[in-house]
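Asks: sequence and predicted structure below; questions after.
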Amino acid sequence: MKVFVAAGYGGRGEDFCWVPDGELLSLNSVVCASQCGCERAFSGTQTLKATTTGKVCEIDTIDLVDLARDVGARSGFGEASAHAQLVLACAAADQFAVGDVVRPWYDFEHDTWRFDAST
Ligand SMILES: [Zn+2]
């Protein structure tokens, strides 16, 4: 299955990366409208920290239910929300090629995450 993993600083002026390389990424359960960066960042599943870029990686199937239980408990957003975000992130990763570097952004008008591969 394809997932997004942290792959360091993206190289654009507005990029940031607080997630160690290789950490599996999900999406934020909640985004704010203050443009703090949460509306354009992945969330690390171990550190719960943010990064504006994710690299598409092919991995062995993982148990998203187990991971969601863990992330949901540690983040405070709960298993259901964490699971929904993980499924969304994996579905998004599946639309790109392995190695692509992708930036998420939250489409407030349509209340959904969108993804752009950098070129
Ligand atoms: Zn925010």
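Replies: Looks like it came in fine.

Asks: neighbours around Thr45, how many?
Replies: For Thr45, the count of nearby residues is 25 (other CB atoms under 10 Å). Every C-beta, even on glycine, is put in place using the N, C-alpha and C of the backbone.

Asks: with adjacent residues omitted, what lies nearest to Val65?
Replies: His83 (6.7 Å; CB to CB, 6 or more residues apart in numbering).

Asks: residues from the chain in reach of the ion?
Replies: Cys32, Cys36, Cys38 (CB under 5 Å from the ion).

Asks: what lies in contact with the helix ranked longest in the chain?
Replies: Determined from DSSP state H, the single longest helix within the chain is helix 79-93. Residues from elsewhere that reach helix 79-93, judged by CB atoms under 8 Å, 6 or more residues apart in numbering: 1-4, 25-29, 42-43, 45, 54, 56-57, 64-65, 67-69, 71-73, 75, 102, 104, 113, 115.

Asks: which of these fall within strands?
Replies: 2-4, 25-27, 42-43, 54, 56-57, 102, 104, 113, 115 (DSSP state E).

Asks: and those, which is closest to the ion?
Replies: Within the ones in strands among the contacts of helix 79-93, distances to the ion taken as CB to the ion reach their minimum at Ser43, with 11.4 Å.

Asks: and the gap between the nearest residue to Thr61 once chain neighbours are set aside and the ion?
Replies: Nearest non-adjacent residue to Thr61, counting by CB to CB, 6+ apart: Met1, 5.4 Å away. Distance, Met1 to the ion, by CB to the ion, to the nearest Å: 29 Å.

Asks: chain center to stretch 53-60, what's the gap?
Replies: From the chain centre to the centre of stretch 53-60 is a distance of 10 Å (CA atoms, centre = their mean, to the nearest Å).

Asks: how about residues contacting it?
Replies: With CB under 8 Å, 6+ apart, stretch 53-60 has contacts from 1-10, 15, 17, 24-25, 42, 89, 93, 96-104, 118.
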